[in-house]
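Q: how would this look folded up:
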Amino acid sequence: MSRIERIWYKGAAGAIPLLPISWLFRLLVTVRRWLYQRGWLTVHRFTAPLIVVGNITVGGTGKTPFVIWLINCLRRAGYKPGMVSRGYGGGATEWPQQVTSDSDPALVGDEAVLLANRCQCPMAVAPDRSAAVTALLDNNDCDVVIADDGLQHYAMGRDIEVVIIDGQRRFGNGQMLPAGPLREPVTRLNSVDLCIVNGETVAADEYRMTLTQSYLYNLQAPSTRQAVSYFKGQAVHAVAGIGNPERFFDLLRNADVEVVAHPFSDHHAYSADDLAFSDDLPIVMTEKDAVKCMRFARPNHWAVAIEMAPTPESQVEEHLLSLLNKIDTANN
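A: Prediction:
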């Protein structure tokens, strides 16, 4: 855990000197949102309903598994969903970019390629998320759009807001950046449509997201699948370049795998040298890391695929579809 994370999540006194900056940041965030709400800043509206899946804290909370579940939920209901994201970590010189499962993560970002691969639906990315939505709808037959992240991107008009909360770390010390992990005040949750907790819930209006399936696949032979317990009792190099690497390491430890942990920064741009360890132990990584390591994968490189769902699943599905039905009715 880095020093700043200890300040945020372990109650370190180091947050005190940062509080004046946090108070100023909170003021700026509040004023900015007010300007969008009052129409002083432009909000772009679209021809299809837009669902934002985001968070109010810095770091990974588990948005990607929920987005995958949501895409499948909408398909079951007869919708034709599409996705947009920022394309974080992508180095393309022109935006927006249409994303497919064989897109280069160096150009469009690792999470975008992972989502395109797992969801098999149209996707567009751009730092300007409104431009991404427009490009998606102009080039594809979609009747609902999912924005992966972008809760604070208020120029992108949205119809439904879903917030994912880290059930382990929640909101840390409750302070805004940089003294704490919050992008927006906790009171922001009062205005969202749905709160999904990756872990234990603490409030009556929160739904829990639980792991429904996990398995290993080999990077050189993705169709080769094994249970995560395949390496039970063995030591592996565990590689994670995500917002909360410890969550991934704990997943392996819970399967009685001996973890040699290698945390990298979120969206790390991997090279073969990063995985050139001095032994031949298996190397196990997240799916997000795997999309960037496929080009230099070796036989001992494995990834963990996970599937998660909110619980009770039927209640969350009914809630979301009811919200969409109201939007469809209002537009017709």
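
Q: For this protein, just list every one of the helices.
A: 3-9, 19-37, 63-76, 105-108, 110-119, 129-139, 245-253, 287-293, 313-331 (DSSP state H).

Q: Comparing those helices by mean pLDDT, which bottoms out?
A: Mean pLDDT is lowest for helix 3-9 among the helices of the chain, at a mean of 85.

Q: re the thing from before, adding distance to V99, write the helices of the chain out as CSV.
A: C-beta here means a position set from N, CA and C on the backbone, and glycine is covered the same way. As requested, those are arranged in CSV below (distance: least, Cβ to Cβ, whole Å):
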stretch, distance to V99
helix 3-9, 31
helix 19-37, 27
helix 63-76, 13
helix 105-108, 5
helix 110-119, 5
helix 129-139, 10
helix 245-253, 24
helix 287-293, 11
helix 313-331, 24
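
Q: Which residue ranges make up each domain of the chain?
A: 3-209+311-331, 210-309 (automatic domain parsing).

Q: For the shortest one, what is the distance to the chain centroid?
A: Pointing back at domain 210-309 there. In terms of Cα atoms, centre = their mean, to the nearest Å, the centre of domain 210-309 is set 18 Å apart from its chain centre.

Q: how deep is R33 tucked in, by neighbour count?
A: Applying other Cβ atoms under 10 Å, we find 16 residues neighbouring R33.

Q: That one is in contact with H153, isn't it?
A: No - assessed by Cβ atoms under 8 Å, R33 is found out of contact with H153, at 11.3 Å.

Q: Flag the shaky bits of the stretch 51-200 of the chain, pLDDT-wise.
A: Residue ranges of the stretch 51-200 of the chain with pLDDT under 70: none are present.

Q: ok, back up a step: what's the closest of the helices of the chain to A305?
A: helix 287-293 (5.6 Å; Cβ to Cβ).

Q: what comes into contact with that closest one?
A: Residues outside helix 287-293 that contact it (Cβ atoms under 8 Å, 6 or more residues apart in numbering): 64, 105-106, 110-111, 113-114, 117-118, 219, 239-242, 264, 268-270, 275, 285, 301, 303-306.

Q: I'd like to know how far the closest residue to T210 other than its chain neighbours sits from T212.
A: Distances taken as Cβ to Cβ, 6 or more residues apart in numbering put T311 closest to T210, at 5.3 Å, once the chain neighbours are dropped. T311 sits at a distance of 9 Å from T212 (criterion: Cβ to Cβ, to the nearest Å).
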